[in-house]
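*Asks:* Build me a model:
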Amino acid sequence: MKELFCKYLPLLVVVFYIELDAQSNCPLEELLVSSIADVVVGDGTPASCTQEALRVALISGGFITCDCGPEEVVISITAPLVISNHTVFDGGGLVTLDGGLQTRIIDKVADIDFTIQRTKLVNGKAPGPSGHFTNQCGGAILSRGGGILKVIQCHFENNTVTSTDGSDIAGGAVYVFVEEKGIFSSCTFLGNSASNGGAIGGLGSDIIITNSKFYRNAALGRSGGLRGHGGAINLDGVELGAADKLYSVCGSEFVQNHAEAQGGASNTVFSDNVGANLSIDQCYFEGNYLRSTGAGNGGAIFHVVDDLDGGYSELQFSVTRSTFYRNHCNRQGGGIWAIINGQGVIENCTFFRDSTANPNHGLGGGVSLLVRTENRGGWLIRNNTFANNYSGLFGGGLFSNPAAPTTWQNNILLNNRHSNTNPWVGLNVNREMDVQAGNNIQWPQYRPNGSEDTRATENSYFMESSLETILKYQGGPTPTLLLVNNAVTGTGCPVSDQRLVNRSGACSLGSYASGINAIPSSVSLQGLQLGTKYYLSTGNINSSAKILSSSIFSFENPGAVFLDQGFEVMQGATLEIK
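*Replies:* Predicted structure coming up:
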């Protein structure tokens, strides 16, 4: 039921009416499992829903639900719940499993399929060194060997491991070990931590993530080696036991995650020429960072292909229709750092105010690209917008290693800069790319010392253009920047733009197809929310969201804002209604 509010909340500027969360289009989204229960835990009262009752039910397997009454119930877990038969557990959105920071919550044995849905898992903690290293991984769930793990509409919060500086210890919330698939759909990960992969850790498993949120997770390892990698996700050797050798993330948010040395949000290492592929589509990365002040590559994404085997033609890396905003690291690739041996694509993306800080080593404020074999493999950079990114040394927008064959097509580079410690190097890019396709624009034309800036391609246009100064949700699942009054068009554009809007007529440069208005007629914003976000609607906006501290949210519409039951602005957050 909607209620109309006109009042002031903490740090809130108001005059309202609130439908938001533009819909992503993720083909691998996993739906809730629906079936008649084989076992029901509880008799309708909270007291009947005990750890022991749940443990007995899980031993038998099958489809298990809970009947604990109409209100939320917390079940304290003092020893891991073992899944040893094919099982689906449905908490119905009312059950919280709490490990009390004393124990892992769920331990799934090998060769078993397990689905958990509509359940909160909080305060789980993996034990210290004992036997195989995986025993130290997975604070809430340890999933091992030869099966399929599905996690649907679950919430993970404050899960961790004992060995937070342990080598190869990963998965503060979930660790997936040599499984066919680890599937996560419509989940939230908040404040989880481990040495690597604060939210999810994996080895030798497909990891498929759709429509999920990763907020303030941390890879706490600091001692070098295999520590401090992947603030939210750390995945190695996807080819070892995975069904499809795939790391796929679609329609998901990564906000304020952090690591020590590699991948503030995501760290992945795959082998060459085995069909392994990273695919990130329709995602939002904001404020992810690396803590190290002496090293650190990949403020949001870090990816390596190794075990070289001549896979020059295979597609190994694809990031599409995604936004990178205010991600940061000390050395290379404020948004993305990637080294491959085959083919890589970055397309229909926005890089805005990402940065690398080091004045002697800071390369590629937005992106840093490399290849493992000189002049083999290659990168296609098509229809992206790079604006106001910063690098400590050079290549404020993008750094492409001279040995990395790079095709540059229909891109916008505007007002990227460097520290000017060397006034003769490129502000926007570090070099002229190998292949020009379509048309490309960049600005400024001159460096502070008066010399002409490095052209991204021989025929790139220097053009002072007007670009929006605020990222806005103006259609599609990710925020974008509109280039105003640009007469230059390209060729060979993707079928749709970053907003999932079909391009028609002229091929607009950058990630936003100019002249096509896709502002939604309504916006619906739900669940936990974090970050700096500006939503547009031509009609009403509805929200039952809980906006976390340090967030800045803006709603702009000519209709009404309805704040539904459950709407909350946490202390330290700001909401503005226009």
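*Asks:* hang on, isn't residue 404 packed against residue 378?
*Replies:* Yes: the pair residue 404 and residue 378 passes the contact test of CB atoms under 8 Å, sitting 7.0 Å apart. To be clear about C-beta, it is placed using only N, CA and C from the backbone, and glycine gets the same treatment.
*Asks:* State the helix or strand in which the nearest residue to residue 178 once chain neighbours are set aside lies.
*Replies:* Distances taken as CB to CB, 6 or more residues apart in numbering place residue 241 nearest to residue 178, at 3.7 Å, with adjacent residues excluded. Using DSSP states H and E, residue 241 sits in no helix or strand.
*Asks:* so what's residue 241 up against?
*Replies:* Residue 241 makes contact with 145-146, 178-180, 204-205, according to CB atoms under 8 Å, 6 or more residues apart in numbering.
*Asks:* you'd agree residue 505 is up against residue 515?
*Replies:* Yes: counting by CB under 8 Å, residue 505 touches residue 515, with 7.2 Å between them.
*Asks:* Please give the centre-to-centre distance between stretch 101-111 and its chain.
*Replies:* Centre-to-centre, stretch 101-111 and its host chain are 25 Å apart (CA atoms, centre = their mean, to the nearest Å).
*Asks:* Let me fix that, I meant to ask about stretch 295-305.
*Replies:* On CA atoms, centre = their mean, the centre of stretch 295-305 falls 13 Å from that of its chain.
*Asks:* how about that stretch as PDB, C-alpha atoms only?
*Replies:* Extracted as PDB, the C-alpha positions of stretch 295-305 are listed here (Å, rounded to 0.1, in the frame of the first residue of the first chain):
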ATOM      1  CA  ALA A 295      51.200  -1.300  -5.700                       C
ATOM      2  CA  GLY A 296      47.800  -2.100  -6.900                       C
ATOM      3  CA  ASN A 297      46.200  -2.700 -10.400                       C
ATOM      4  CA  GLY A 298      42.500  -2.800 -11.200                       C
ATOM      5  CA  GLY A 299      40.400  -0.500  -9.000                       C
ATOM      6  CA  ALA A 300      37.300  -2.400  -9.900                       C
ATOM      7  CA  ILE A 301      38.300  -5.300 -12.200                       C
ATOM      8  CA  PHE A 302      41.500  -7.200 -12.400                       C
ATOM      9  CA  HIS A 303      41.900 -10.100 -14.900                       C
ATOM     10  CA  VAL A 304      44.800 -12.300 -16.000                       C
ATOM     11  CA  VAL A 305      45.100 -15.100 -18.600                       C
END
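*Asks:* quick one, strands of the stretch 1-150 of the chain?
*Replies:* 12-13, 39-41, 62-66, 73-76, 81-83, 87-98, 106-108, 114-122, 125-126, 141-144, 148-152 (DSSP state E, counting those that start in this stretch).
*Asks:* Distance check, the nearest residue to residue 304 once chain neighbours are set aside against residue 116.
*Replies:* Among residues not flanking residue 304 along the chain, residue 269 sits closest, at 4.8 Å (CB to CB, 6+ apart). Shown here: residue 269 relative to residue 116, a distance of 27 Å by CB to CB, to the nearest Å.
*Asks:* These two: who's more crowded?
*Replies:* The neighbour comparison of residue 269 against residue 116 (other CB atoms under 10 Å) goes to residue 116, with 29 against 21.
*Asks:* Now do the contacts for that one.
*Replies:* Residues near residue 116 by CB under 8 Å, 6+ apart: 88-89, 91, 106, 141, 150-152, 154.
*Asks:* ditto for residue 48
*Replies:* So residue 48 contacts 41-42, 67-68 (CB under 8 Å, 6+ apart).
*Asks:* give me that answer again for 6 Å
*Replies:* Residue 48 makes contacts with residue 42, as judged by CB atoms under 6 Å, 6 or more residues apart in numbering.
*Asks:* how does the chain divide into domains?
*Replies:* Using automatic domain parsing, the domain parsing of the chain gives 1-22+520-578, 324-471+481-515.
*Asks:* Run through the bridge partners of residue 126.
*Replies:* Per DSSP bridges, the residues bridged to residue 126 are residue 161.
*Asks:* Sketch out the low-pLDDT regions of the protein for me.
*Replies:* Within the chain, the segments meeting pLDDT under 70 span 1-22.
*Asks:* gap between the two ends of stretch 411-419?
*Replies:* Using CA to CA, to the nearest Å, one end of stretch 411-419 lies 23 Å from the other.
*Asks:* got it, and stretch 528-538?
*Replies:* Start-to-end, stretch 528-538 (CA to CA) is 24 Å.
*Asks:* ok now that stretch, how far from the chain's centre?
*Replies:* Worked out by CA atoms, centre = their mean, stretch 528-538 lies 16 Å from the chain centre.
*Asks:* What residues of it count as buried?
*Replies:* 528-537 (16 or more other CB atoms under 10 Å).
*Asks:* Can you tell me what sits against that stretch?
*Replies:* 20, 188, 215, 255, 286, 470, 472-474, 519-523, 545-548, 551-557.
*Asks:* could you redo the last one with a cut-off of 7 Å?
*Replies:* The contact list for stretch 528-538, computed with CB atoms under 7 Å, 6 or more residues apart in numbering, reads 20, 188, 190, 213, 215, 255-256, 286-287, 470-474, 479, 519-523, 541, 545-548, 551-559.
*Asks:* what sits opposite residue 577 in the beta ladder?
*Replies:* Note on residue 577: beta-bridge partners by DSSP bridges are residue 555.
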